[in-house]
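S.K.: Coordinates only, no sequence provided:
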């Protein structure tokens, strides 16, 4: 009697292999054409032993990219909503007023005296990179536009120039008596004839108490050894810029600078002749 073939097709291992091949073909087609939600449905519908290979091949890389993108977006949003604090006080030191290498030492000492950190994160920053003969004035103007500078320390001639340009704020009358005759007055900026485009009011304004004079000892450990201008000619002046965002802290610095190592109030010559006061102002 002849054997009849099973109309359902071959049975046994061959049938299992054929079914497995068809399943894999379906999975490959699904992975290449399905949208993300379709891939997740496919993952759920697969037998348990096939879920991890399918997840690793079709979803793992996409999931890692999505998590990384969310982390970056969260980081940027956190910085936009709550940016890290900048300096609490920014001091611009002109023309090596603190010596060629005195900025960092002075920054650390002054920050400790004021009870604040030393550095950009909510602390005191002393920037000695302002040289008038180079690009110091341009740098100052750029930083003033963003209200990034609070105090200026400079030799007398440079300080007179900056006061004449209108960058400094007069000291309040209630505070001038605190500095024991060391307040220095200079002519400020005159903007009375602002309609004349050719008019230069630099140094043509009234005299005003723009700075406090200090003498720094040569052996104070602040890097001034060998720096030019010791004694009376080496006096530095400290003033508050006109658009500071930290006026109270800047005034506290002025009041406490006389207690820094090697710093002394100096009631020297800046109340002298008109020529001395206007020297360097271009008049």
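M.R.: Perfect, I can see it now. Model, not experiment: these values are computed from the prediction.
S.K.: wouldn't residue 92 be in contact with residue 148 here?
M.R.: No - taking contacts as Cβ atoms under 8 Å, residue 92 lies outside contact range of residue 148: 9.3 Å. In this view, the C-beta of every residue, glycine as well, is placed from N, C-alpha and C.
S.K.: which one of those two has more residues nearby?
M.R.: For residue 92 and residue 148, the more surrounded residue by other Cβ atoms under 10 Å is residue 92, and the numbers stand at 26 against 19.
S.K.: for the strand or helix carrying that one, packing partners?
M.R.: Per DSSP states H and E: residue 92 is located in strand 89-94. Helices and strands touching strand 89-94, by 3 or more Cβ pairs under 8 Å, 6 or more residues apart in numbering; DSSP states H and E, are helix 103-114, strand 124-130, helix 136-145, strand 151-155, helix 156-164, helix 247-256.
S.K.: Same question for stretch 150-170: list its buried residues.
M.R.: Residues 150-156, 158-170 are the ones in stretch 150-170 that count as buried (16 or more other Cβ atoms under 10 Å).
S.K.: one step back: dump the helices and strands packed on strand 89-94 into TSV; add distance to residue 74 and mean pLDDT as well.
M.R.: TSV is the format used below for the helices and strands packed on strand 89-94 (distance: least, Cβ to Cβ, whole Å; pLDDT from 0 to 100):
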stretch	distance to residue 74	mean pLDDT
helix 103-114	33	84
strand 124-130	29	92
helix 136-145	31	94
strand 151-155	37	94
helix 156-164	44	93
helix 247-256	33	88
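S.K.: And the helices in the chain?
M.R.: Applying DSSP state H to the chain gives helices spanning 13-33, 36-45, 48-58, 60-81, 103-114, 136-145, 156-164, 173-176, 247-256, 274-278.
S.K.: deepest of those, which one?
M.R.: helix 156-164 (a mean of 25; mean count of other Cβ atoms under 10 Å).
S.K.: quick one: that one to strand 124-130, angle?
M.R.: 100 degrees (axes from the mean of the first three to the mean of the last three Cα atoms, to 10 degrees).
S.K.: just checking, residue 42 touches residue 57?
M.R.: No - under the criterion of Cβ under 8 Å, residue 42 makes no contact with residue 57, lying 11.3 Å away.
S.K.: For the stretch 151-283 of the chain, give me the ranges with low pLDDT.
M.R.: In the predicted model, the stretch 151-283 of the chain carries pLDDT under 70 at residues 192-199, 218-234, 268-283.
S.K.: Try it again at 50.
M.R.: Where the stretch 151-283 of the chain drops to pLDDT under 50, the residues are 221-233, 269, 271-283.
S.K.: So for the strand holding residue 92, mean pLDDT?
M.R.: Averaging pLDDT along strand 89-94 gives 94.
S.K.: which outside residues touch it?
M.R.: Applying Cβ atoms under 8 Å, 6 or more residues apart in numbering, the set of residues contacting strand 89-94 from outside is 103, 107, 110, 114, 116, 123-128, 130-132, 136, 140, 143, 148-155, 158-159, 162, 246, 249-250, 253.
S.K.: burial of residue 258, as a residue count?
M.R.: 16.
S.K.: no wait, residue 243
M.R.: Using other Cβ under 10 Å, residue 243 has 15 other residues around it.
S.K.: I figured it hits residue 145, correct?
M.R.: No - Residue 243 lies out of contact with residue 145 (Cβ under 8 Å); the separation is 9.0 Å.
S.K.: Each with direction, which strands does the strand holding residue 92 pair with?
M.R.: Under the criterion DSSP bridges, strand 89-94 sits next to strand 124-130 (parallel), strand 151-155 (parallel) in its sheet.
S.K.: Columns distance to residue 206 on top of these, output as TSV?
M.R.: Formatted as TSV, these follow (distance: least, Cβ to Cβ, whole Å):
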stretch	distance to residue 206
strand 124-130	26
strand 151-155	20
